[in-house]
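1. let me see the structure of the following:
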Amino acid sequence: MINKFRDSVDEVLADIPDGATIMIGGFGLAGQPIDLINGLLRRKLSGLTIVNNNAGNADEGLALLVKSGAVRKVICSFPRQVDSWHFDAKYHAGEIELELVPQGNLAERIRAAGAGIGAFFTPSGYGTTLAEGKETRHIEGRDYVLEYPITADYALIKAHKADRWGNLLYRKTSRNFGPIMAMAATTTIVQVPYLVELGDLDPENVVTPGIFVDRVVQVASTNPKEHS
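-> Numbering: from 1, shown residues only. Next up, the predicted model:
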């Protein structure tokens, strides 16, 4: 019997090693799997490469993982928002590496990994320092840059509901990067506030099919909006 439910956050994260590449869902704090990130903090890992939309906010979630020194490199599109002080400090001290990727390119590079696409041409970044050293091509009157997929050892994402096969529903904007990250990683780990029985999810509304999910852990939500 397929059952991807696990008993604790520590259990679902137990095999993540030092030096792993980890995709973390979320757009800022919207959809960020805070409890899974806190679990990584308890592991006291090092040398991690983190793929995320940004580089952490204030003193919560991903920002604390950066502060802890566990992160060697960040691949993101928006590293310097007003409350990214932990990343700023690490970057200016030369303690963390940054690969800056335009947001559309970031999403497409992750999606390409899940779709089995070897590479693709995009106009985003052409003519800027972000395209230095990359192959370019002129196609039908427009200039493009060749970009490659981003893969990961693990994806840590947050969804709204899951059944024991790992089928997922998301809540509103919390959906953001989760679905494509689930497809692009070798192992996908999901935290949800609600576990449901098989058949309770309308198949027409399932966003991430369970084939892309490996482990699910229930974490009680402290956000009252998630109960609506």
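2. please make it C-alpha for all contacts and neighbour counts, starting now.
-> Noted.
3. name the nearest residue to the residue nearest the centre of the chain, ignoring sequence neighbours.
-> Centrality entry for the chain: nearest residue to the mean C-alpha point is Ile24, 2.6 Å, by Cα atoms, centre = their mean. Counting by Cα to Cα, 6 or more residues apart in numbering, Ile24 lies nearest to Leu156, which is 4.9 Å off, once chain neighbours are set aside.
4. check what pLDDT that neighbour gets.
-> For Leu156, the model assigns a pLDDT of 98.
5. for the remainder of this discussion, apply numbering that starts at 23.
-> New numbering, starting at 23: the last item is Leu178.
6. what lines up beside the helix or strand harbouring it in the sheet?
-> Per DSSP states H and E: Leu178 is located in strand 174-180. In the sheet, strand 174-180 lines up against strand 43-46 (parallel), strand 207-214 (parallel) (DSSP bridges).
7. output it as CSV, nothing but the C-alphas.
-> Coordinates of each C-alpha in strand 174-180 appear next as CSV, following Å, rounded to 0.1, in the frame of the first residue of the first chain:
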residue,chain,number,x,y,z
ALA,A,174,18.2,19.5,-7.2
ASP,A,175,18.7,16.6,-4.8
TYR,A,176,15.7,17.7,-2.7
ALA,A,177,12.7,20.0,-3.0
LEU,A,178,11.1,21.3,0.2
ILE,A,179,7.7,22.7,-0.5
LYS,A,180,4.5,23.6,1.3
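8. pretty sure Phe143 contacts Ile161?
-> No: taking Cα atoms under 8 Å as the definition, Phe143 is not a contact partner of Ile161, at 9.4 Å.
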